[in-house]
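Asks: Test case, fold it:
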Amino acid sequence: MKHSKIKQNIIETASSLFYNNGYNSTGINEIIEKAGIAKATLYSHFDSKEDVCIAYLKHRNEIFVKEITMYCKSQAKGKPQIVAIFDFLQLFFLNENFNGCWCINTVSEIPKGNKKIRNEIQEQKIMFVQIISELVKYNLPNLTENQLTPLSRQIYLLYESAVSESHLHRADWPIKEMKNICSQIIA
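Replies: Prediction:
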């Protein structure tokens, strides 16, 4: 197998294990076994489990950004494109493998001092606020810059709450309620 395919196999295997079982509950030996590789192969691609985790976070985020952006842009211009983030979340929730937010799940498992993973998660969340901000700016062009930032952050917080609470309750009512609140604040 080519070097890049082996690395991708490791990332995809670790992604599934970390997302479904948790970062701390997944050992390197389990990743190696499920990926069908030798320990030396894993360590020729990654220096540590922490580096595998960073690759996992980047992998999940890359897919998420691409899919949510495409989904929102496929909706009618205006407010529907903004609230579409909740419709996208609804589809994600209905997936049989829904286990909440990979970032929040991971950050809850790492020590406070793990800046490398925490920084990656913060960068991803900042990027998501920027994606929301671009949606808001494009679809509500009359907003001032002073209105844009707080509104984008509020929508982000509604989304994050919807993810966490739908995961906790194993129900989609938090997604529906947060979509309703979002519709009200952008009215």
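Asks: Please give the number of neighbouring residues around Ile32.
Replies: 19 (other Cβ atoms under 10 Å). Heads up, the C-betas are built off the backbone N, CA and C, glycines and all.
Asks: and it, what is it in contact with?
Replies: Ile32 makes contact with 38-39, 41-42, according to Cβ atoms under 8 Å, 6 or more residues apart in numbering.
Asks: Give the ChimeraX command for selecting the buried subset of these.
Replies: Command for ChimeraX, covering only those of the contacts of Ile32 found buried under the criterion 16 or more other Cβ atoms under 10 Å:
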select :41,42
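Asks: would TSV of the contacts of Ile32 with distance to Ile185, secondary structure and pLDDT be doable?
Replies: What follows is the contacts of Ile32, written out as TSV (distance: Cβ to Cβ, whole Å; DSSP: H, G, I helix; E, B strand; the rest coil; pLDDT from 0 to 100):
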residue	distance to Ile185	secondary structure	pLDDT
Ala38	53	coil	95
Lys39	51	helix	95
Thr41	50	helix	95
Leu42	46	helix	95
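Asks: nearest to Ser74, of the contacts of Ile32?
Replies: Distance ranking of these against Ser74, using Cβ to Cβ, places Leu42 first at 38.3 Å.
Asks: check which helix or strand covers the closest residue to Ile185 other than its chain neighbours.
Replies: Here the nearest residue to Ile185 in space, its sequence neighbours aside, is Gln154; by Cβ to Cβ, 6 or more residues apart in numbering that works out to 6.1 Å. If you go by DSSP states H and E, Gln154 is part of helix 145-169.
Asks: neighbouring contacts of that helix?
Replies: By Cβ under 8 Å, 6+ apart, helix 145-169 touches 82, 85-86, 89, 93, 98-101, 104, 125, 128-129, 132-133, 136-137, 140, 143, 172-175, 177-179, 181-182, 185-186.
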